[in-house]
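>>> With the sequence up front, the predicted model follows.
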Amino acid sequence: MMNRAEIKRSLGVSLWFVFLTFPLMVVRVDSINETIEWRWMNMLWVGLGSFVLSLVSRWYFRHRETRASNPLEPSGVSLQIRSWFTDPKHRWPLLALLALIAVAFPFTFSAYQTNIMTTALMYVVLGLGLNIVVGLAGLLDLGYVAFYLVGAYSYGLLNTHFDLGFWTVLPIGALLAAIFGVLLGFPVLRLRGDYLAIVTLAFGEIIRLVMENWNDFSRGPSGISNIDRPGFFGIDLTLNQSITYLYFLMLVMVVVTIFVVNRLQDSRIGRAWLALREDDIACQAMGIDKTKTKLTAFALGATWAGMVGVIFAAKTTFINPASFTFLESAIILAIVVLGGMGSILGVIIGAFVLILLPEYLRALSDYRMLAFGAIMVTMMVFRPQGIIANVRRRYEFKGKVS
Amino acid sequence: MPQSAQAILEVKDLSMAFGGIQALDNLDLDVHGGEIVALIGPNGAGKTTFFNCVTGLYKPTGGDVLLTPPGRKTSRLNGLKPNVIAKKGMARTFQNIRLFQNMTVLENVMIGRHCRTRAFVFGAIFRPPQTRREEQDIVDRSYAILEKVGLAHVVNDFSKNLSYGQQRRLEIARALATEPSLLLLDEPAAGMNPQETHELEQLIQRIRDEGHAVLLIEHDMKLVMSLSDRVYVMDYGKRIAAGSPEEVSADPAVIKAYLGESDDA
């Protein structure tokens, strides 16, 4: 089972970790009493912990090599979970159960929980939007938050200056974000890979910095406050009611997004995006207009961010540029990658994991981001294809296919 | 051979220079309807560069590329984008296979139908009847093409999991899906065993019989000699010979290009 060489190597790893973490975990200087505290027990834990982890990972990787499967292929788990949703016997009961839970949620749990869930749903839509650009079209976009900002600010500004309501601005925000998507798309048409990532990153930062510094337009870092909550047929809602209302709004939004993205994925445009991701030269040679395909991907991806941006502004009633830093883009990207690029179900689960986990890990207080990081690293090591890998549609030909 | 007077592809004085290097030097070539034409030459002669210039991946520095699909008017292809050229009726395969690896075999061929179909965002989301019909048509035609090239049993496999010979045939199927009047094949038999090469030969003949003219680059001389109606020979970006396979194989310039100058005779 374990040979001597492996144990020796793990021992080496644990010694190295003990050495690395020595100043951090063992030595503590108390500057008030001017004493040094030596915490030797910590050294023991670090040593033991890294030794065991190293052994386990060695065992796992050997085990996986002997199975000799490609880690990027959809594996049993993805197909299994997917089959729950495609098999008509399970599909409707499962969907009904999910719908029941979703509808009952705000009435069973506190407003705080509902709020967190609304945020998670927002990230589901953001993730699905970015999934079009990154997962389907294969364009690494690190400035996705810019479109989110465009949506939020279009509601914030139009609401304060022109007193436009939520439902009027929702399509306007979506349209503006799509236009910005095309605006970003044009200069990056020729770029791909790393270069594309850098330019989109810069784009995200530029938009945020403009908002931060153009005081006359956006009120700078102090932001826009007192934005109206979404209207509900002119009825005044209490705070709790409007939290529930927003929750259901987001729920509908998520359902619409899933429907639309699913249809897009399985269409002529969706296939063109995939082809663009796989090989852009062959894709052009086969008659696909690269310019049009790229711009549609950017525009359609940005649309969702714009709409969620409007909802975000309505939810928090206050926006400022600090809400739209690169960290947001990174989290949304992490949702897509962790969930499984190109897979709708994966992105949804990814969004819940990434948004809810830090919330519910609050019990770990200072260590929660550490635990969060550890979970992400472990995920990427053991399931590089994401939680649910993308599975391609199978076509049947009247029993002709074996 | 059924041959029409009007050339489908007419290339006049085509030149391509990369900086100081003249990769193509005033090349003339034409392909008529119902013909299989081979383009041969030693490695580095500029054959693939020629394909890239004709299909729009490179913009030629001089000369004309004229395409006249049967029953349509002539268009000049220089400087057009590859996708526009594909739509005008010229499709190609690649020397180093360029399939969409993480898509299924059927989806690869369905991509070829892209330039002959129209559905856009609206159609994709709302799926009106004409979009449904179009999608069904894409699937049916793609399946028919796969049956023709003998890949119908693997339609739902990822294209990267196919054998080498199958991948080459899938590239041809994908190109055929664009309904080309001229099909360009870049070394279709490279890396194939004799059995696969034989099947490929039959396939190419069938494609020609169905009304697609074929221009191919190939190193397998046996295949070139038995398949092609005419052969062009290139070396250092220049055309050094042209004619029937017999004429070309007897041409001293061709022998020199392939075997080098003899010292003693």
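Ah, there it is.
>>> In terms of residue numbering, what are the domains of the chain?
Just so you know, I chose chain A. A:4-67, A:76-382 (automatic domain parsing).
>>> ah, no, chain B please
With domains defined by automatic domain parsing, chain B comprises B:1-89+B:180-265, B:100-179.
>>> Can you list phi and psi of residue 163 for me?
As the question left the chain open, I've gone with chain A. Main-chain torsions, A:Asp163, degrees, to the nearest 10: phi 60, psi 30.
>>> Quick check: the gap between it and A:Ser225.
Per Cβ to Cβ, to the nearest Å, A:Asp163 is found 15 Å from A:Ser225. C-betas here are computed from N, CA, C, even on glycine.
>>> Pick out whichever of these two has more residues nearby.
Neighbour count, other Cβ atoms under 10 Å in any protein chain shown: between A:Asp163 and A:Ser225, A:Ser225 has more, with 13 against 9.
>>> which one is A:Tyr395 nearest to, not counting chain neighbours?
B:Leu106 (5.6 Å; Cβ to Cβ, 6 or more residues apart in numbering or on different chains).
>>> secondary structure element for the closest residue to A:Gly185 other than its chain neighbours?
Sequence neighbours aside, A:Phe298 is the residue nearest to A:Gly185 in space, at 3.9 Å (criterion: Cβ to Cβ, 6+ apart). Assigned by DSSP states H and E, A:Phe298 belongs to helix A:290-316.
>>> Show me what that helix is packed up against.
Here helix A:290-316 touches helix A:111-130, helix A:145-162, helix A:166-185, helix A:239-265, helix A:268-278, helix A:280-285, going by 3 or more Cβ pairs under 8 Å, 6 or more residues apart in numbering or on different chains; DSSP states H and E.
>>> For B:Lys222, find the nearest of those helices.
Distance to B:Lys222, taken as Cβ to Cβ, is lowest for helix A:280-285 among the helices and strands packed on helix A:290-316, at 28.3 Å.
>>> Tell me the helices and strands packed up against that closest one.
helix A:268-278, helix A:290-316, helix B:82-88.
>>> Dump those helices into CSV; add distance to A:Tyr148 as well.
As requested, these are exported to CSV (distance: least, Cβ to Cβ, whole Å):
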stretch, distance to A:Tyr148
helix A:268-278, 21
helix A:290-316, 4
helix B:82-88, 32
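>>> CSV for the ones you listed, including distance to A:Gly156, mean pLDDT and mean neighbour count?
Below are the helices and strands packed on helix A:280-285 laid out as CSV (distance: least, Cβ to Cβ, whole Å; pLDDT from 0 to 100; neighbours: other Cβ atoms under 10 Å in any protein chain shown):
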stretch, distance to A:Gly156, mean pLDDT, mean neighbour count
helix A:268-278, 32, 93, 24
helix A:290-316, 5, 94, 25
helix B:82-88, 41, 93, 22
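>>> Which one of those helices lies nearest to A:Ile132?
Nearest of the helices and strands packed on helix A:280-285 (Cβ to Cβ): helix A:290-316, 4.3 Å.
>>> Next, the contact list for the closest residue to chain B within chain A, please.
Chain A approaches chain B most closely through A:Gly287 (2.9 Å), counting by Cβ to the nearest Cβ. Taking Cβ atoms under 8 Å, 6 or more residues apart in numbering or on different chains, we find A:Gly287 in contact with B:Asn83, B:Ala86, B:Lys87, B:Ala91, B:Gly112, B:His114, B:Cys115, B:Arg116, B:Thr178.
>>> Give the residue spans of chain A that score low on pLDDT.
For chain A, applying pLDDT under 70 flags the ranges A:1-2, A:65-78, A:365, A:398-402.
>>> So which residue is dead centre in the chain?
Since no chain was named, I'll use chain A. Centroid-nearest residue in chain A: A:Ile335, 2.5 Å away (criterion: Cα atoms, centre = their mean).
>>> Switch to chain B, please.
In chain B, the residue lying closest to the centroid (Cα atoms, centre = their mean) is B:Leu184, at 1.2 Å.
>>> what's the neighbour count on A:Met41?
Counted with other Cβ under 10 Å, A:Met41 comes out at 10.
>>> Would you mind measuring from it to A:Phe22?
A:Met41 sits 13 Å away from A:Phe22, taking Cβ to Cβ as the criterion.
>>> B:Glu171 too?
For B:Glu171 relative to A:Phe22 (Cβ to Cβ), the value is 58 Å.
>>> Just want to know which of these two has more residues nearby.
Higher neighbour count among B:Glu171 and A:Phe22: B:Glu171, with 25 against 13, using other Cβ under 10 Å.
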